[in-house]
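A.B. asks: no sequence for this one, just the structure:
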């Protein structure tokens, strides 16, 4: 007999195919690898953040093999607000939730460190919130902390282009615009580098990919 | 060739054409493949040869695609053909608007353009509302879209933004939709072999563009407007149109026309197509890009579809209306 328990998994799979198809028709979801090949090593991808669709976009741009081992970071308060959003982010995207409102006793980076310890790659938006300008905002220290705690993990900057035009804030129907994700050359925290100069360097690496 | 084609019945005509066209395509693909096997030096001349081969490859690939679309349309009927051309419109417009950046206030107009105007235009074609189909975009959409943008309360560069959107819609939706519209005309004494008219138009325009492209590579004459196109010059333009029109006259057997008339209609279509292509080049220069595709800056990841079909988008409306007037339909 057909085991009923696999139906939720199938639904998630179907949803992921549907979303992939939709994103490709609307945006092309092209990945451009400048500086590093798509390789199954443990990585932290960090990118600019302009729209909620960024998460979906970078997920769709990664090749299938990498998509399964790469988990994005998503804000807990927004993405668990409705049961559908929660289902989408856990079952389809398999994201890592972080809470934006800090309570004193918990370290917001803890879920990320768990994931990295497990060997997953992660996608990080170091600006913290969505920017409304062309240039990304200043990066937050989380990226630096993770990079120093996990020195073997490769840091890959990425620039997500155009996604904010697909679905501006407050709109419901997305518009077809070609988008791309450019991945750059890996970088590292240099010996003795403090967090401020590293974060500036990381931010510049992301911005530099805009004009590649 | 004219009498030979004219005396075959429809099925035999299809057979003969597919053998000719797919044979030619196969031959050119083989030639391009063999050329690509040769080794070229790393000097400038070698680079140039490689570039030429790449663009030749692009032309051949588009031709395959167009023939394939035509063939599917023929096999599966009018509505499938309409859908296919609708998709081409969709992707071409996506490319056009990506490289003509709009502002947030245009979002609703863009939604209208893609998800309302495009389907309605193709539906009007499919249901043969020819009067409405001809004026829907130039009259009604012309007002509706700026209104939607104005309601978004953003006056910055308003004329420019709207002009871009209107242009995109005129070229990618209005122009393109005239190709499948040929399927719906009732030509006298032609017993509904209309797919051949689409085939005829696509093939003739594509021949004109390919010939012009190849000849301008060989001739190396002074360009007419070097700031807009380094390759466009009058001699190769005339040769392209001439070759394609003669080719059209040879194909007269599959059209409702005699060779002389077929020559004239091919001439008109090629004239509009090659000029349209030139105009689109000016638009690309305005945006500072070498092609709508990703050969130049590559930020958008566009496939360069519009580079291939823009000639057709300009040729189709002219061809459609002149054919309609000629037969008084």
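C.D. replies: Nice, I can see it. If you're wondering where the values come from, they're calculated on a predicted model, not measured in any experiment.

A.B. asks: the helices in chain A, which residues?
C.D. replies: A:7-27, A:53-61, A:64-67, A:76-79, A:83-87, A:110-117, A:142-149, A:163-166, A:195-208 (DSSP state H).

A.B. asks: I would like the residues contacting the second one, please.
C.D. replies: This means helix A:53-61. A:19-20, A:23-24, A:27, A:29-31, A:45, A:47-48, A:67, A:70, A:72, A:74, A:93, A:95, A:123, A:125, A:158, A:160, A:163, A:166-167, A:174, A:179-181 (Cβ atoms under 8 Å, 6 or more residues apart in numbering or on different chains). The way it works is simple: take the backbone N, C-alpha and C, and place the C-beta from them, glycine included.

A.B. asks: among the residues you listed, which ones are buried?
C.D. replies: A:19-20, A:23, A:27, A:29-31, A:45, A:47-48, A:67, A:70, A:72, A:74, A:93, A:95, A:123, A:125, A:158, A:160, A:163, A:166-167, A:174, A:179-181 (16 or more other Cβ atoms under 10 Å in any protein chain shown).

A.B. asks: now residue A:41, nearest residue through space, not along the chain?
C.D. replies: In this structure, residue A:41 finds its nearest non-sequential neighbour in residue A:154, 5.9 Å apart by Cβ to Cβ, 6 or more residues apart in numbering or on different chains.

A.B. asks: Neighbours of that neighbour, how many?
C.D. replies: By other Cβ atoms under 10 Å in any protein chain shown, 17 other residues sit near residue A:154.

A.B. asks: Tell me which residues touch it, please.
C.D. replies: A:36, A:41, A:42, A:43, A:44, A:186.

A.B. asks: phi, psi of the second one?
C.D. replies: Read that as residue A:41. Phi and psi for residue A:41, reported as degrees, to the nearest 10, are phi -110, psi 170.

A.B. asks: With the last one instead?
C.D. replies: Its backbone dihedrals place residue A:186 at phi -60, psi 150, with angles given as degrees, to the nearest 10.

A.B. asks: any idea how far the nearest residue to it once chain neighbours are set aside is from residue B:67?
C.D. replies: Using Cβ to Cβ, 6+ apart and skipping the chain neighbours, the partner closest in space to residue A:186 is residue A:154 (4.7 Å). Relative to residue B:67, residue A:154 is positioned 46 Å away (Cβ to Cβ, to the nearest Å).

A.B. asks: cool, residue B:93 as well?
C.D. replies: For residue B:93, the distance to residue B:67 - Cβ to Cβ - is 23 Å.

A.B. asks: tell me the contacts of residue B:79?
C.D. replies: Residue B:79 sits in contact with residue B:126, where contact means Cβ under 8 Å, 6+ apart.

A.B. asks: Tell me where the chain is predicted with low confidence.
C.D. replies: In the absence of a named chain, this looks at chain A. By pLDDT under 70, the low-scoring segments of chain A are A:1-2, A:102-105, A:131-133.

A.B. asks: Not quite, go with chain B.
C.D. replies: Across chain B (using pLDDT under 70), the flagged ranges come out as B:1, B:40-42, B:291-303.

A.B. asks: Next SSE downstream of the longest helix seen in chain B?
C.D. replies: Counting residues, the longest helix in chain B under DSSP H turns out to be helix B:44-76. Once the chain leaves helix B:44-76, the next helix or strand it forms, by DSSP states H and E, is helix B:78-98.

A.B. asks: Which elements pack onto the next helix or strand after that next one?
C.D. replies: The helix or strand immediately downstream of helix B:78-98 is helix B:107-112, counting by DSSP H and E. Identification of packing neighbours for helix B:107-112 by 3 or more Cβ pairs under 8 Å, 6 or more residues apart in numbering or on different chains; DSSP states H and E yields helix B:142-151, helix B:158-168.

A.B. asks: restrict the contacts of helix A:53-61 to contacts with chain B.
C.D. replies: Applying Cβ under 8 Å from any Cβ of the partner chain, the subset of the contacts of helix A:53-61 adjacent to chain B comprises A:30, A:179, A:180.

A.B. asks: Can you tell me how far the residue nearest in space to the middle of chain A is from residue A:7?
C.D. replies: In chain A, the centroid-proximal residue (Cα atoms, centre = their mean) is residue A:123; its distance is 3.5 Å. Here the criterion is Cβ to Cβ. By it, residue A:123 lies 29 Å from residue A:7.

A.B. asks: again, but for residue A:178
C.D. replies: 36 Å.

A.B. asks: what's the answer for residue B:32, then?
C.D. replies: In terms of Cβ to Cβ, residue B:32 sits 50 Å off from residue A:7.

A.B. asks: So for those two, which sits in the more crowded spot?
C.D. replies: More crowded of residue B:32 and residue A:7, by other Cβ under 10 Å: residue B:32, with 16 against 10.

A.B. asks: ok, now which ones touch that one?
C.D. replies: B:53, B:56, B:57, B:60.

A.B. asks: so can I have JSON lines of the residues you listed showing distance to chain A and neighbour count?
C.D. replies: Conversion of those to JSON lines gives the following (distance: Cβ to the nearest Cβ, whole Å; neighbours: other Cβ atoms under 10 Å in any protein chain shown):
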{"residue": "B:53", "distance to chain A": "23", "neighbour count": "16"}
{"residue": "B:56", "distance to chain A": "24", "neighbour count": "19"}
{"residue": "B:57", "distance to chain A": "20", "neighbour count": "16"}
{"residue": "B:60", "distance to chain A": "23", "neighbour count": "18"}
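
A.B. asks: so what's the closest residue to the residue nearest to the centre of chain A other than its chain neighbours up against?
C.D. replies: Distances taken as Cβ to Cβ, 6+ apart put residue A:72 closest to residue A:123, at 4.0 Å, once the chain neighbours are dropped. The contact partners of residue A:72, taken as Cβ under 8 Å, 6+ apart, are A:55, A:58, A:59, A:93, A:95, A:96, A:122, A:123.

A.B. asks: Measure how buried the closest residue to residue A:189 other than its chain neighbours is and give me the count.
C.D. replies: Spatial nearest neighbour of residue A:189, chain neighbours left out: residue A:147 (4.9 Å); criterion: Cβ to Cβ, 6+ apart. Residues near residue A:147, counting by other Cβ under 10 Å, number 22.

A.B. asks: ok, now residue B:215?
C.D. replies: For residue B:215, using other Cβ under 10 Å, the count is 19.

A.B. asks: likewise residue B:117?
C.D. replies: Residue B:117 - counted by other Cβ under 10 Å - has 23 other residues nearby.
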